[in-house]
Every structure is written in C-alpha cells, then in structure tokens.
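Q: can't give you the sequence, but here's the structure:
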C-alpha cells in the first residue's frame with residue numbers, strides 16, 4: 001500500500017496491486033472468522049455500504065424511455081438519432097467503465113475499515129503511531145527524490161525529481177505530512193508519564209515535516225501544515241502541561257521561545273536558500289492564470305446540467321472534454337475538478353450530497369465531543385483532526401481518490417467511532 005497506493009489514475013500499475021491486496025485482506029478476514037461488524041462501528045459500516053450502492057445503482061441499465069428523461073443526455077440522444085440507431089438500454093453512468101473503476105476503488109477503504117475494526121482496542125490505539133511512521137517513510141522518500149537518489153516509482157505516475165514521497169501529487173504528499181504532524185502529537189499524548197524521548201522525536205519530526213511541505217511546492221499543504229500545528233498543540237497540551245507543571249516558569253517560556261525561533265529560523269533559511277517552493281508559488285499565484293479558477297465556471301455549469309442524478313462516478317475527464325471551451329484548450333488534459341466536493345456532486349447528484357452530509361454530520365456529531373471533553377482520548381482526537389484535514393484538502397483538490405488517503409479515512413472513521421469505548425492506561429501500555 002505504501003509503495004503502490006499513492007496515485008488516483010485508473011491506468012497505473014499500483015491500482016491492480018492495492019485492490020488485489022485489499023480483496024485478499026477481506027477474503028482472509030471472512031475465512032478466519034474475524035467479526036467484521038462490532039458494536040459501536042455501525043455508522044462507518046453503513047456509510048461504506050451506501051458509498052458502494054451509489055455507483056452500483058448508476059451501473060444498472062435503464063429503458064430508453066426513462067434514460068432519455070435524465071438531465072444532460074440530449075447530446076447522446078441526438079447522436080443516436082443522426083446515426084439512425086435505436087436507443088439502447090443505458091445506465092445513469094455516462095462512462096460506465098469509469099464508474100466501475102470507482103466502485104472497485106472502494107475495496108481499499110473497505111479492507112482497511114474491517115481490518116481496523118477487527119483489531120483489539122489497545123492495538124487500535126497504536127494507529128496514530130502507524131500513520132506517524134508512514135509519514136516518516138514518505139518524507140524520507142521525498143528527501144531521496146530531491147537528492148535524485150530515488151528514481152521513478154513504477155507503480156504510480158509521479159514526476160521524477162519532485163518531492164512527492166509515496167504519492168504522485170505534491171498536494172497529497174503535503175496533506176500526509178500535515179496529518180503526520182498531528183499523528184506525532186497523538187502518539188505523544190497517549191503516554192502522559194515518562195517516555196520523554198517521544199516528545200523529542202515528535203518535535204523534530206514536526207519541524208522536518210514542515211520543511212518538506214515548504215519544499216513540496218504545495219500551497220494547500222502550507223495552509224494545512226499551519227492548521228496541523230494548532231491541532232497538534234491542542235492534542236499534546238495536557239501531557240505537555242503535566243510534564244512541565246513542576247518546571248520553573250522561565251523554563252516553560254524558554255522552551256516555547258526556542259520552538260518558535262527554531263521553526264521561524266528554519267523557514268527563513270529555507271526561503272532564502274530557494275527551497276521553499278510552496279511560498280514561491282503562493283507569491284507568484286495569479287487567479288487569472290490558475291487553470292483551476294479558470295475552469296471552475298465550466299465545472300459548475302456541468303454540475304447544474306447533470307443535477308439531480310449526476311453523470312456517474314469517475315466520468316469527469318470524459319465529460320470535461322465535451323464541455324471544455326476553446327479558451328481552456330491546452331496540450332495537457334484536465335483530469336479532475338480539483339475540488340472533490342464539487343466533483344462528487346457532479347458525479348453523484350443529489351444522492352451523493354445526501355450521503356456526504358450524513359457522513360460529515362456523523363463525524364462532527366461523534367467527533368466534536370472528544371475535543372470538548374478534557375479526558376478525551378488522543379487517538380479519537382487524531383481521527384477527527386485527520387478527517388478535518390482531508391476534508392479541507394478536498395475543497396481544492398482530490399486527495400481522497402488515492403487508495404492511501406482512502407485507507408486513512410477509514411482509519412479516521414474507526415478512531416472516531418471508538419470514542420465511547422473505555423480503555424485503561426495500563427491496558428495501553430501492555
């Protein structure tokens with residue numbers, strides 16, 4: 001998964017590997033008799049089932065009399081009339097192959113969801129550590145990429161020489177780095193006594209992750225990194241306060257000042273050395289030249305044209321070629337709306353909106369009380385923070401279309417759903 005799960009394109013080799021692995025995991029869980037449904041995890045499972053049903057229903061062929069009444073199908077009807085061909089039975093999905101690919105992509109979050117549910121409670125509490133180590137691995141790959149010591153990854157379609165880590169897209173790598181900052185804080189917060197080396201390691205990793213975000217060239221990642229620092233500080237505040245409670249006041253202020261000076265100093269050095277690509281791109285950004293901004297009116301028109309039933313999941317690339325105005329034509333193609341929330345509405349219409357509202361509503365209702373509760377467990381807070389970062393990133397990009405981010409969403413859902421399960425600190429230390 002870590003090597004082959006960082007791309008969203010359907011034609012990369014990694015998709016076959018991660019989906020086959022996910023299918024094998026699900027089959028193994030079924031054969032082994034591992035319970036896939038447990039008390040407390042009903043909502044994540046229901047949301048997953050609904051997400052599977054949506055593209056499945058879009059693949060059901062409809063009679064011509066019904067299909068012809070769907071919004072946005074006029075060009076296809078006209079083409080059939082001109083060709084003198086009878087109207088065949090067609091599904092809602094305008095590009096059925098792409099919708100089938102979208103359906104198969106859900107194997108990955110399904111496998112991760114059931115795998116996480118099947119873990120023991122104390123093992124699930126270590127999931128932030130798993131994400132933290134995953135981020136370290138990806139950041140290490142990114143360093144090797146910048147130094148040209150790591151070549152082309154045959155499983156994904158990354159750009160050689162850029163700091164994409166295990167992903168094909170720098171924005172997705174920056175999102176993982178931001179998530180890793182919060183994961184490190186949750187790992188530290190889960191042990192309130194002793195193990196001060198965790199704090200030192202997480203602090204050093206945080207600075208490293210921030211520098212890698214600056215070097216990635218992701219404007220979105222820069223904003224997410226700042227938010228991740230705030231979320232990490234909230235999660236780690238109680239254990240930090242407990243460890244520094246008996247320390248002199250001057251030491252507390254000295255540590256805070258040192259952290260600020262080191263962070264700002266390293267950022268200044270990075271900028272002056274020409275490695276802060278994110279800041280360079282932010283300063284050079286022009287809304288009139290940004291393809292995403294220029295394409296947005298066309299995308300919104302497509303959303304209105306195919307509402308309320310949608311065009312079918314995964315159909316954006318083919319549809320945009322139909323509706324793309326001459327002013328936007330260029331040598332490269334526009335593969336996504338670069339706003340996953342908008343593209344979900346285009347693909348799934350009103351049913352997708354309902355499912356999205358239900359899913360986010362459940363996450364907010366289940367996750368927010370953990371932040372208000374002073375005794376809220378760090379893994380549950382981390383799950384909510386991770387889902388928040390992914391949702392915000394999806395406003396301007398499409399990270400949740402990569403198998404790796406899908407798996408992280410499943411982990412976040414499990415951690416949020418488990419917030420009411422009582423676990424003693426002694427059990428977590430075993």
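A: Yep, that arrived. Just so it is clear, the model here is predicted, and its values are computed rather than measured. Numbers count the residues shown, from 1 in each chain.
Q: where in the stretch 301-430 of the chain is pLDDT low?
A: Scanning the stretch 301-430 of the chain with the threshold set as pLDDT under 70 gives 331-333, 374-376, 419-430.
Q: After the lengthiest helix in the chain, which helix or strand is next? Please name it.
A: As far as residue count goes, and with DSSP state H defining each element, the longest helix of the chain is helix 340-372. Using DSSP states H and E, the helix or strand that follows helix 340-372 towards the C-terminus is helix 378-394.
Q: Following element in sequence after that next one, please.
A: Past helix 378-394, further along toward the C-terminus, the next helix or strand under DSSP H and E is helix 403-417.
Q: could you say what helices and strands that next one packs with?
A: Helix 403-417 is packed against helix 13-32, helix 42-58, helix 107-117, helix 127-146, helix 170-189, helix 340-372, helix 378-394, with contacts defined by 3 or more C-beta pairs under 8 Å, 6 or more residues apart in numbering; DSSP states H and E. Where C-beta positions appear, they are placed from N, C-alpha and C, glycine not excepted.
Q: deepest of those helices, which one?
A: Each of the helices and strands packed on helix 403-417 was assessed for mean neighbour count using mean count of other C-beta atoms under 10 Å. The highest is helix 170-189, with a mean of 30.
Q: With respect to residue 70, which of the helices and strands packed on helix 403-417 lies nearest?
A: Of all the helices and strands packed on helix 403-417, the one in closest proximity to residue 70, counting by C-beta to C-beta, is helix 340-372 (9.8 Å).
Q: any idea how far that closest one is from the chain center?
A: 14 Å (C-alpha atoms, centre = their mean, to the nearest Å).
Q: which other helices and strands contact that helix?
A: Of the remaining helices and strands, those touching helix 340-372 by 3+ C-beta pairs under 8 Å, 6+ apart are helix 42-58, helix 291-306, helix 316-323, helix 378-394, helix 403-417.
Q: State the pLDDT value of the residue lying closest to residue 199 once chain neighbours are set aside.
A: Distance criterion C-beta to C-beta, 6 or more residues apart in numbering; nearest residue to residue 199, sequence neighbours excluded, is residue 188 at 5.2 Å. At residue 188 the predicted local distance difference test score is 87.
Q: wait, residue 23 sits on residue 107?
A: Yes: with contacts counted by C-beta atoms under 8 Å, residue 23 reaches residue 107, the gap being 5.7 Å.
Q: ok, back up a step: turn the helices and strands packed on helix 340-372 into a markdown table, columns for distance to residue 2.
A: Below are the helices and strands packed on helix 340-372 laid out as a markdown table (distance: least, C-beta to C-beta, whole Å):
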| stretch | distance to residue 2 |
| --- | --- |
| helix 42-58 | 22 |
| helix 291-306 | 28 |
| helix 316-323 | 27 |
| helix 378-394 | 17 |
| helix 403-417 | 7 |
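Q: among those helices, which is nearest residue 158?
A: Comparing the helices and strands packed on helix 340-372 against residue 158 with C-beta to C-beta, the closest turns out to be helix 403-417 (12.8 Å).
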